[in-house]
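**Q** Kindly generate the corresponding structure for this input.
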Amino acid sequence: MDDSYFNVGGDGRLTLIPGRQGLRQILYFREPGNYQFRKADYPWLARVLVVAQGAGGGAAGARSNAGGLVAQPGGAGGGYSEALIPVAALGATETIVVGAGGAAGGATTDGGSGGNSSFGGLCSANGGGGGSAVMTSGTAPTSFSGTPGAFAGVGDYVQGGGAGGGAIRLSAGEGQSGAGGESRLGHGGYQRASTGAGGAPRGNGAGAAGALARDGDSTNGAPGANGIVIVQLWG
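**A** Sure thing, here's the model as predicted:
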């Protein structure tokens, strides 16, 4: 018998030593919404390692006049948090929240902000801000700043999200929208130099790129990526 992991009780029964079993299960919460984690469902549980990724921001669309050009900034990436939590610090039930990606903006409206992701009050990651519809149609060179990344949240290790890229117009026919902000678990959408919605993000928590329109074109924006919560169960 390996006494590093097993123990023989006074009644002769062979039992596992709590906290020595290592990683036993991983739970993935991918769809936006609320979930319940009950520690009584895992009587062998010694601790959990929680990863929370906030959702990314959506981006604005663009509408130009004939002979003009509009380019918009990208949405920001969501923050990321980790927390190692002993079972004694867990409530009987902890609420898990998975943030939804920010909504795509209309042709003249801002993109929505991404939702926060969390595990009770012990680990949380903020969602990224949506890209604004700041540029109006025109021909003169102009530029607009990007969208600040999400602030860091709560946990043992916390990290803010990446900023959405700024937008630039060089002339009536040339310009570039802003790229979507990066996240720890995703990549931001690619920027546009021709008419269309900005690129969609990949993975979890990244922002959408801004849209571009020229010479009377009109297009909606793109949505940000959903967040995710991952719970490792250690025995």
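**Q** Check the gap between Asp156 and Glu82 for me.
**A** 6 Å (Cβ to Cβ, to the nearest Å). Backbone N, C-alpha and C define where each C-beta goes, glycine included.
**Q** More neighbours: the two, which one.
**A** Glu82 (17 against 13; other Cβ atoms under 10 Å).
**Q** these two touch, right, that one and Phe119?
**A** No: between Glu82 and Phe119 there is no contact under Cβ atoms under 8 Å: 10.3 Å.
**Q** so what sits against both of those two?
**A** Residues touching both Glu82 and Phe119 (Cβ atoms under 8 Å, 6 or more residues apart in numbering): 50, 52.
**Q** tell me the contacts of the spatially most central residue of the chain?
**A** The centroid of the chain falls nearest to Gly205 when counting by Cα atoms, centre = their mean (2.0 Å). In this structure, Gly205 makes contact with 53-56, 77-80, 114, 117, 125, 128, 161, 183-186, 225-228, judged by Cβ under 8 Å, 6+ apart.
**Q** do that again at 6 Å, thanks
**A** Counting by Cβ atoms under 6 Å, 6 or more residues apart in numbering, Gly205 makes contact with 53-56, 77-78, 183, 185-186, 225, 227.
**Q** which SS class is it?
**A** coil (DSSP: H, G, I helix; E, B strand; the rest coil).
**Q** Report the contact partners of the closest residue in space to it that isn't next to it in sequence.
**A** Among residues not flanking Gly205 along the chain, Ser183 sits closest, at 3.4 Å (Cβ to Cβ, 6 or more residues apart in numbering). Shown in contact with Ser183 (Cβ under 6 Å, 6+ apart): 77-78, 161, 205-206.
**Q** in the sheet, who's paired with Ser183?
**A** Gly186 (DSSP bridges).
**Q** Show the model's pLDDT score for it.
**A** The model reports Ser183 with a pLDDT of 98.
**Q** In a helix, Ala40, correct?
**A** Yes: membership of Ala40 in a helix is supported by three-state DSSP.
**Q** Check the gap between it and Leu90 for me.
**A** 10 Å.
**Q** For beta bridges, what are the partners of the nearest residue to Gln36 once chain neighbours are set aside?
**A** Of all residues not flanking Gln36 in the chain, Thr93 sits nearest, at 5.5 Å (Cβ to Cβ, 6+ apart). In this structure, Thr93 bridges to Arg38 when assessed by DSSP bridges.
**Q** isn't Thr93 right up against Lys39?
**A** No: using Cβ atoms under 6 Å, Thr93 is not in contact with Lys39, being 7.9 Å away.
**Q** Of these two, which one has the most company?
**A** More crowded of Thr93 and Lys39, by other Cβ under 10 Å: Lys39, with 16 against 12.
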